[in-house]
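# A structural model of the following input is requested.
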Amino acid sequence: MAAPDKVVARTPMADFEAKIGIQPLEELHAERDMLVKQVAPLRAKWGQNGLGPHLRKAQLSKVQELLRAQAAADGEKVTESRIDQMGHADERYLDWLATGLLEYEQMIIIEDEIDKINEKIIRGGQVAKYETAAMHLA
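Numbers count the residues shown, from 1 in each chain. Got it, this is the predicted structure:
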């Protein structure tokens, strides 16, 4: 039997939240923390100010250097314009772009899950405030 990844302590507030039918804040934070750890490398690459555009240019340059070297080894004279065109159409570059697209899609999906948890946290606070007020009226 495997141990859980993270154990979330039950607090008196968590017991109250469960009693009024909302997911405890500690559980929501634990879920969000796991998702943030998953999305962090994707954000670093594809998010705002991420390195993705720089990495793409580096990949393209690497492919173009390989094409340039192959042309030289074959004794062919190829213009820089043609090397640029061939680099953009090269399978190695296109594979890199396809992988990047999948990573970007994954980032969007995980960020959506984080947004949903944030919405649950906000809604839970509103429900708790309402239920607490209702208890004082009773």
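
# Which parts of the protein are helices?
12-19, 25-46, 52-73, 80-89, 91-137 (DSSP state H).

# just those helices: most buried one?
Most buried of these by mean neighbour count (mean count of other Cβ atoms under 10 Å) is helix 25-46; its value is a mean of 16. (Each C-beta comes from the backbone N, C-alpha and C, glycine too.)

# From the contact counts, what lies against that one?
helix 12-19, helix 52-73, helix 91-137 (3 or more Cβ pairs under 8 Å, 6 or more residues apart in numbering; DSSP states H and E).

# closest to residue 39 out of these?
With Cβ to Cβ as the criterion, residue 39 lies closest to helix 91-137 of those, at 4.2 Å.

# So for that closest one, mean pLDDT?
Helix 91-137 comes out with an average pLDDT of 91.

# likewise stretch 69-76?
On average, stretch 69-76 scores 96.

# same check, this time on stretch 17-35
On average, the pLDDT along stretch 17-35 is 89.

# Figure out how far that stretch is from the centre of its chain.
A distance of 21 Å separates the centroid of the chain from that of stretch 17-35, by Cα atoms, centre = their mean, to the nearest Å.

# CA atoms of it as CSV?
Provided in CSV are the C-alpha atoms of stretch 17-35 (Å, rounded to 0.1, in the frame of the first residue of the first chain):
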residue,chain,number,x,y,z
GLU,A,17,-16.4,23.6,6.6
ALA,A,18,-17.2,19.9,6.2
LYS,A,19,-20.2,20.3,8.4
ILE,A,20,-21.7,23.1,6.3
GLY,A,21,-20.9,21.2,3.1
ILE,A,22,-17.9,22.9,1.6
GLN,A,23,-14.5,21.5,0.8
PRO,A,24,-12.0,22.4,3.5
LEU,A,25,-9.6,25.2,2.5
GLU,A,26,-6.6,23.1,3.5
GLU,A,27,-7.6,20.4,0.9
LEU,A,28,-8.1,23.0,-1.8
HIS,A,29,-4.7,24.5,-1.1
ALA,A,30,-3.1,21.1,-1.3
GLU,A,31,-4.8,20.4,-4.6
ARG,A,32,-3.8,23.8,-6.0
ASP,A,33,-0.2,23.3,-4.7
MET,A,34,0.1,20.1,-6.7
LEU,A,35,-1.2,21.8,-9.8
